[in-house]
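**Q** only the shape, not the letters, is given here:
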């Protein structure tokens with residue numbers, strides 16, 4: 001793989017996480033009440049709080065552990081089953097710490113190694129696929145958090161003023 005293209009991919013992946021998704025999630029948390037963060041329309045739905053735990057677990061497992069080599073301690077089922085309303089700042093801090101660590105892994109990762117194979121969550125992937133998975137996955141759940149925020153607050157968040 002061309003190292004210039006690889007570096008652009010790594011930089012853009014970090015930018016999506018740090019400069020696009022995280023500020024939107026932060027803005028949602030700023031306007032949601034503690035109750036809103038743990039609200040769910042039905043018991044089978046995820047709350048914003050569960051989604052934050054889930055994103056933290058996913059980014060840590062796939063990037064920090066799977067690519068960065070830190071031991072994987074993820075307990076995925078707990079991300080969804082949590083019903084204890086942790087303060088939103090505690091959950092935000094956990095997510096933010098995970099994204100900071102992932103960003104450090106991506107910043108120092110050699111572009112020439114993007115085609116190396118890793119086994120993550122039982123899946124055989126190349127590093128590029130693992131990063132792409134995390135960015136896509138983060139985007140999906142950021143959209144859900146935005147949608148829940150709009151449902152709870154009944155207002156346009158004006159992320160895109162075209």
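**A** Cool, the structure landed. Keep in mind that what you see is a predicted model, and the values were worked out from it rather than measured.

**Q** which residues of this protein fall in helices?
**A** Taking DSSP state H, the helices of the chain run over residues 3-15, 22-31, 34-37, 48-59, 76-81, 88-108, 127-153.

**Q** so which elements touch the last one?
**A** Put plainly, it is helix 127-153. helix 3-15, helix 22-31, helix 34-37, helix 48-59, strand 117-120 (3 or more Cβ pairs under 8 Å, 6 or more residues apart in numbering; DSSP states H and E). Glycine gets a C-beta too; all of them are placed from N, C-alpha and C.

**Q** which of the ones you listed sits most buried?
**A** helix 48-59 (a mean of 24; mean count of other Cβ atoms under 10 Å).

**Q** tell me the angle it makes with helix 127-153.
**A** Per axes from the mean of the first three to the mean of the last three Cα atoms, to 10 degrees, the angle that helix 48-59 makes with helix 127-153 is 170 degrees.

**Q** could you tell me the angle between helix 48-59 and helix 88-108?
**A** 20 degrees.

**Q** for residue 159, which of the helices and strands packed on helix 127-153 is the nearest?
**A** helix 22-31 (6.0 Å; Cβ to Cβ).

**Q** quick one: buried residues of the lowest-mean-pLDDT helix or strand in the chain?
**A** Within the chain, no helix or strand scores below helix 76-81, which has a mean of 84 by mean pLDDT, DSSP states H and E. For helix 76-81, a neighbour-count test (16 or more other Cβ atoms under 10 Å) marks residue 79 as buried.

**Q** ok, now stretch 80-98?
**A** Buried, per 16+ other Cβ under 10 Å, within stretch 80-98: 82, 86, 88, 91, 92, 94, 95, 96, 98.

**Q** with respect to residue 128, which of those residues is nearest?
**A** Nearest member of the buried residues of stretch 80-98 to residue 128, counting by Cβ to Cβ, is residue 98, at 20.3 Å.

**Q** that closest one contacts residue 65, correct?
**A** No. If you go by Cβ atoms under 8 Å, residue 98 and residue 65 don't touch, sitting 10.5 Å apart.

**Q** so for stretch 82-92, mean pLDDT?
**A** The pLDDT scores in stretch 82-92 average 91.
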